[in-house]
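Enquirer: I need the structure of the sequence given here:
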Amino acid sequence: MTAQDATALDSTFAALADSTRRSILARLAGGQALTVTELAEPYDMSMPAISKHLKVLEEAGLISRSREAQWRPARLQAEPLKEVSEWLERYRTHWEQSFERLDDYLKELQERDTDKSSETNGD
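Expert: Residues are numbered from 1 along each chain as shown. As a prediction, the model looks like this:
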């Protein structure tokens, strides 16, 4: 991973760290471009606060904003999320292997318990 990739990943994770920003992305995932006013509707916060959230998302490359008359609708840009997914995929393999080792260990314990039980019962 290059330094540039790491910086982009840091930016994406920082943007995703906030629940309001994740919620905004979820609303944009439907494919429709939404204005700041439309994005602000479900939140009890000021327009400048929503605008700050949008700026963080835009700087992370998670949304793009265009100009249509006096509006600046936002659209989801999913490429950074793909990069996060690819980064996480490397660790998924690690966790799967860990769970497989744990499963093997639990089976071994069950077999030992069954063997001891058989010896105790005279089987």
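Enquirer: For this protein, give me the ranges with low pLDDT.
Expert: Within the chain, the segments meeting pLDDT under 70 span 4-5, 121-123.
Enquirer: Domain-wise, how is it divided?
Expert: For the chain, automatic domain parsing gives the domain ranges 3-77, 79-123.
Enquirer: need the ones you listed in CSV with mean neighbour count, can you?
Expert: (Glycine included, C-beta is placed from N, CA and C.) Written out in CSV, the entries for the domains of the chain read as follows (neighbours: other C-beta atoms under 10 Å):
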stretch, mean neighbour count
domain 3-77, 15
domain 79-123, 10
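Enquirer: Any idea how far apart the tips of stretch 64-84 sit?
Expert: Its first and final residues considered, stretch 64-84 spans 18 Å by C-alpha to C-alpha, to the nearest Å.
Enquirer: Strands of this structure, start to end?
Expert: Under the criterion DSSP state E, strands of the chain are mapped to 63-65, 74-76.
Enquirer: I'd like those as TSV, with distance to I24 appended.
Expert: Formatted as TSV, the entries for these read as follows, by distance: least, C-beta to C-beta, whole Å:
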stretch	distance to I24
strand 63-65	8
strand 74-76	8
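Enquirer: Quick one, which of those strands gets closest to A26.
Expert: The closest of the strands of the chain to A26 is strand 74-76. By C-beta to C-beta, the value is 9.3 Å.
Enquirer: And that closest one, what does it pack against?
Expert: helix 19-28, helix 47-59, strand 63-65 (3 or more C-beta pairs under 8 Å, 6 or more residues apart in numbering; DSSP states H and E).
Enquirer: For Q77, which of these is the nearest?
Expert: Where these are weighed against each other on C-beta to C-beta, the nearest is strand 63-65, at 5.2 Å.
Enquirer: Any chance of a markdown table for the helices and strands packed on strand 74-76, columns distance to E89?
Expert: Below are the helices and strands packed on strand 74-76 laid out as a markdown table (distance: least, C-beta to C-beta, whole Å):
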| stretch | distance to E89 |
| --- | --- |
| helix 19-28 | 20 |
| helix 47-59 | 23 |
| strand 63-65 | 24 |
